[in-house]
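Trainee: Quick one: sequence and predicted model below, then my questions.
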Protein chains: 2
Amino acid sequence: MPATPRTHVIGAGLIGASIGLGLRAAGWDVTIADAAAEAERLAWGIGAGDPLGHEAPELVIVAVRPSATGEVVAEALERWPGAWVTDVASVKAPVLEAARAAGGSARYVGSHPMAGREVSGGLAAQSDLFSARPWVVCAGDAAEEVVETVRSVARTLESDLVEMDASAHDAAVARVSHAPQVVASAAAAALGPLGADDVALAGQGLRDVTRIAGSPPAMWADIARMNHAALVATLDHIIGDLEDVREADDIGEALTDLIARGNLEVERIPGKHGGKTREWRGVTVIVPDEPGQLVRLLQDAASVGANVEDLSIEHSPRQPVGLTTLFVEPASAPPLVEALERAGWTVAAS
Amino acid sequence: MPATPRTHVIGAGLIGASIGLGLRAAGWDVTIADAAAEAERLAWGIGAGDPLGHEAPELVIVAVRPSATGEVVAEALERWPGAWVTDVASVKAPVLEAARAAGGSARYVGSHPMAGREVSGGLAAQSDLFSARPWVVCAGDAAEEVVETVRSVARTLESDLVEMDASAHDAAVARVSHAPQVVASAAAAALGPLGADDVALAGQGLRDVTRIAGSPPAMWADIARMNHAALVATLDHIIGDLEDVREADDIGEALTDLIARGNLEVERIPGKHGGKTREWRGVTVIVPDEPGQLVRLLQDAASVGANVEDLSIEHSPRQPVGLTTLFVEPASAPPLVEALERAGWTVAAS
């Protein structure tokens, strides 16, 4: 197999078209197809790939909706017996099973590029959608050279390559992604009985917990069906913890225990460069809601050499000011506070 | 009662000392006390109030831990029969009950200043801690002039005044604050079985859902005990929704229904100035992790007159770049994308 195999992408949505654009930008020979004629023509038009010719592809990348992925992978393995096949579904074990059932799992490697999905469709495709994002590779039954070719796709798209077993991947994403979506939606749905004035008491905590509850439901039905066992196991874990709090003789003690356990786990979630978010210190400033104020704040921060590692803006529902928190290395916080106050900012907390 | 009543604050932690500083800055005559001698001396030292003299206070503000609030409010009502009393506990009905039991509810008004609590203790006190934050006033059985005096405290501290019935307040905060904390902690605790490599798959969604799971447990035990009934009702709502998903014949359909209901509720959470966060459009840019890059990005955004309404930074655990999303009015997005690309930025999504 050459370093840049002749690649065919099946599915011209956001992920498929972005893969096509990214590989073409790196000089790969890419064709792309979609069951929907309009999406297919759009992908050709934006340069995400050419129409498939009579030459058989060497590498096939299946980027169709999760529930159709197993079937399309099996079809690709049968149609092109000399080709290697990967896919991008966010659940991996059922696709591996489909490749096995088709007798082609030695030529199949699972992929899960973990790119954002706030938007969808080929029109939103970007050649660097996967840059700096995790791309999980599940080798399964495949030979090393097949795995290496799929790795080269992830590397070419400048992804952050991660290798895992398919079942371990599914168990992990149930806990880091699928169950948090369910829980965020349930926390949002629990606002149902409240009137508008009650909901207006919401603070940044609720906004954070429920941000992903704004996600469109479409894709999640597929994911939940495909990762049913791991998702149910995770929901059982969460329901059990909630019931322990709900039914405790001393709800205070039970909640203290749960929060203490949560504290330990939150520290394990990587923030920046594998480090921990909590190593930073927040400096909260009152910022008038006028154009240019945020720039001025960051310029004043930069003037003392403080590198702003993260930033959060908290708007008050009824006031023309917002609270902006700059997160910096702990050692940078005291000089930053001094510099900001000297520049006329009101530091509300640090 | 004069416009600036002689005010005594009981409790010199973050909230009590900040109230003292803020009222003094506005010219009020404030005394402050704390059961802990060291905290009391600190509060006097930083100018949050003077020691209590022999003159009886006209207004007493109880800012002790939630579980002690009812008792201290009752004591204050008895000790100073001519004084009006308010408190700052985040659960209001049990304190109103304590004031009624002490026979002083005509002189008692509940307050709940909803200020951040990332830090605690009098040392972190700030006169403008409450600026632009909601301050809930629960009139209860009090006469209008008592309520008006407590309103004037909130106004003097530049808070965003909200008036509610005590039970309605408690039911609301169970759903907008207390249950989301429990759920965030449970989602974090469910990471327990995962290894470090699995947790590294975490994306911004998990970080958002679990951010408040990093809160210290101490205060929450008090709150859960005091707001037991409303918290349990909310947890029952959430557990019921999670069980419906878990036990559905078709988990995909059940989750689609839950996410759709969550979508509707999220739209009701106020973002800025009572508007909705979703009215903004996100423009995601790849930003190298170097000092000054964020300033440069915001300058380039300001150069086309785009007012950045919100901003989020997503760090990759293993890469020296981050994805920064600027949220702007929808009409501002296309010219912003054009300007940023012209200035050499890579726009990953919009």
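Mentor: Yes, it's here.
Trainee: Spit out the contact partners of A:T324.
Mentor: A:284-285, A:287, A:294, A:297, A:311-314 (CB atoms under 8 Å, 6 or more residues apart in numbering or on different chains). All C-beta atoms are positioned from the backbone trio N, CA, C, and that covers glycine.
Trainee: now do 10 Å
Mentor: A:283-287, A:293-294, A:297-298, A:311-315, A:345, A:348, B:311 (CB atoms under 10 Å, 6 or more residues apart in numbering or on different chains).
Trainee: repeat for A:I259
Mentor: Contacts for A:I259 were tallied using CB under 10 Å, 6+ apart; they are A:245, B:181-182, B:184-186, B:188-189, B:212-221, B:224.
Trainee: could you redo the last one with a cut-off of 6 Å?
Mentor: Residues touching A:I259, when contacts are defined by CB atoms under 6 Å, 6 or more residues apart in numbering or on different chains, comprise B:185, B:217, B:220.
Trainee: Could you look up the SS state of the last one?
Mentor: Yep, that's B:W220 we're talking about. B:W220 falls in the helix class when you classify it by DSSP: H, G, I helix; E, B strand; the rest coil.
Trainee: re the thing from before, just the ones in helices from the contacts of A:T324, please.
Mentor: For the contacts of A:T324, membership in helices holds for A:293-294, A:297-298, with DSSP state H as the criterion.
Trainee: Which stretches in the stretch 1-150 of chain A count as helices?
Mentor: Secondary structure of the stretch 1-150 of chain A (DSSP state H, counting those that start in this stretch): helices at A:14-25, A:37-45, A:66-79, A:93-101, A:144-156.
Trainee: got any ranges where the stretch 151-300 of chain A has weak pLDDT?
Mentor: The model of the stretch 151-300 of chain A has pLDDT under 70 over residues A:271-279, A:291.
Trainee: now the strands for it?
Mentor: Along the stretch 151-300 of chain A, the stretches classed as strands by DSSP state E, counting those that start in this stretch are A:160-163, A:281-288.
Trainee: In CSV: those, plus mean neighbour count and distance to chain B.
Mentor: Formatted as CSV, the strands of the stretch 151-300 of chain A follow (neighbours: other CB atoms under 10 Å in any protein chain shown; distance: least, CB to the nearest CB, whole Å):
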stretch, mean neighbour count, distance to chain B
strand A:160-163, 18, 5
strand A:281-288, 19, 6
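Trainee: Skipping its backbone neighbours, what lies nearest A:R261 in space?
Mentor: Closest residue to A:R261 apart from its sequence neighbours, by CB to CB, 6 or more residues apart in numbering or on different chains: B:A189 at 4.4 Å.
Trainee: Same check on A:A139?
Mentor: Taking CB to CB, 6+ apart, and ignoring the residues beside it in sequence, A:A139 has A:V147 as its nearest neighbour in space, at 4.6 Å.
Trainee: next one: A:A260
Mentor: The spatial neighbour of A:A260 that comes closest, neighbours along the chain excluded (CB to CB, 6+ apart), is B:P217 at 5.3 Å.
Trainee: Show me what stretch A:169-189 is in contact with.
Mentor: Under the contact criterion CB under 6 Å, 6+ apart, stretch A:169-189 has outside partners A:91-93, A:136, A:138, A:209-210, A:212-213, A:227, A:230-231, A:234, B:180, B:183, B:187, B:190-191, B:194, B:198, B:201-202, B:205-206, B:209, B:238, B:241-242, B:245, B:258-259, B:261-262, B:265-266.
Trainee: what sits against the closest residue to A:C138 other than its chain neighbours?
Mentor: Counting by CB to CB, 6+ apart, A:C138 lies nearest to A:G110, which is 3.7 Å off, once chain neighbours are set aside. Neighbouring residues of A:G110 by CB under 6 Å, 6+ apart: A:92, A:95-96, A:138, A:166.
Trainee: measure A:G110 to chain B for me?
Mentor: In this structure, A:G110 lies at 14 Å from chain B, with CB to the nearest CB, to the nearest Å as the measure.
Trainee: related to what we said a few turns ago, show me which of the ones in helices among the contacts of A:T324 is closest to chain B.
Mentor: Each of the ones in helices among the contacts of A:T324 was checked against chain B using CB to the nearest CB; the closest is A:L298, at 4.4 Å.
Trainee: just checking, the closest one touches B:Q293?
Mentor: No: in this structure, A:L298 is not within contact of B:Q293 by CB atoms under 6 Å, at 10.0 Å.
Trainee: Settle it for me: which of those two has more neighbours?
Mentor: Here A:L298 and B:Q293 are compared on neighbour count by other CB atoms under 10 Å in any protein chain shown; more neighbours surround A:L298, at 23 against 20.
Trainee: which one is the more buried one nearest to, not counting chain neighbours?
Mentor: Leaving aside its sequence neighbours, A:L298 sits nearest to B:V295 (CB to CB, 6+ apart; 4.4 Å).
Trainee: State the distance from the one you found to B:V328.
Mentor: 17 Å (CB to CB, to the nearest Å).
Trainee: Compare those two (neighbour count), which wins?
Mentor: Here B:V295 and B:V328 are set side by side on neighbour count (other CB under 10 Å), and the busier one is B:V328, at 23 against 20.
Trainee: Touching, that one and B:A306? I think so.
Mentor: Yes: in terms of CB under 6 Å, B:V328 counts as a neighbour of B:A306; the distance is 4.9 Å.
Trainee: Now list whatever residues contact both of those two.
Mentor: Common neighbours of B:V328 and B:A306, counting by CB under 6 Å, 6+ apart, are B:L336.
Trainee: Could I get the full set of helices for the stretch 151-300 of chain A?
Mentor: With DSSP H, counting those that start in this stretch applied, the stretch 151-300 of chain A shows helices at A:166-173, A:179-189, A:196-199, A:204-210, A:218-226, A:228-247, A:251-266, A:293-302, listed in chain order.
Trainee: buried stuff in stretch A:166-176?
Mentor: When burial is assessed from 16 or more other CB atoms under 10 Å in any protein chain shown, stretch A:166-176 yields the following buried residues: A:166, A:168-176.
Trainee: Could I get the CA-only coordinates of that stretch as PDB?
Mentor: Provided in PDB are the C-alpha atoms of stretch A:166-176 (Å, rounded to 0.1, in the frame of the first residue of the first chain):
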ATOM      1  CA  ALA A 166     -13.300  -1.300  20.600                       C
ATOM      2  CA  SER A 167     -15.200  -2.500  23.700                       C
ATOM      3  CA  ALA A 168     -13.000  -0.400  26.000                       C
ATOM      4  CA  HIS A 169     -13.700   2.600  23.700                       C
ATOM      5  CA  ASP A 170     -17.400   2.000  23.900                       C
ATOM      6  CA  ALA A 171     -17.400   1.700  27.700                       C
ATOM      7  CA  ALA A 172     -15.300   4.900  27.900                       C
ATOM      8  CA  VAL A 173     -17.400   7.000  25.600                       C
ATOM      9  CA  ALA A 174     -20.600   5.900  27.500                       C
ATOM     10  CA  ARG A 175     -19.100   7.500  30.600                       C
ATOM     11  CA  VAL A 176     -17.300  10.500  29.100                       C
END
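Trainee: any idea how far it is from the chain center?
Mentor: Averaged C-alpha coordinates place stretch A:166-176 at 14 Å from its chain's average position (CA atoms, centre = their mean, to the nearest Å).
Trainee: Same check on stretch A:142-156?
Mentor: For stretch A:142-156, the distance between its averaged C-alpha position and the chain's averaged C-alpha position is 22 Å (CA atoms, centre = their mean).
Trainee: May I have that stretch as CSV, with CA atoms only?
Mentor: As requested, C-alpha coordinates have been extracted for stretch A:142-156 and formatted as CSV (Å, rounded to 0.1, in the frame of the first residue of the first chain):
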residue,chain,number,x,y,z
ALA,A,142,-6.5,-6.1,11.4
ALA,A,143,-2.9,-6.7,10.4
GLU,A,144,-0.3,-4.0,11.5
GLU,A,145,0.0,-2.5,7.9
VAL,A,146,-3.8,-1.9,7.8
VAL,A,147,-3.7,-0.2,11.2
GLU,A,148,-0.7,1.9,10.2
THR,A,149,-2.5,3.1,7.1
VAL,A,150,-5.5,4.2,9.2
ARG,A,151,-3.1,5.9,11.6
SER,A,152,-1.6,7.8,8.7
VAL,A,153,-5.1,9.2,7.9
ALA,A,154,-5.4,10.5,11.5
ARG,A,155,-1.8,11.9,11.4
THR,A,156,-2.4,13.6,8.0
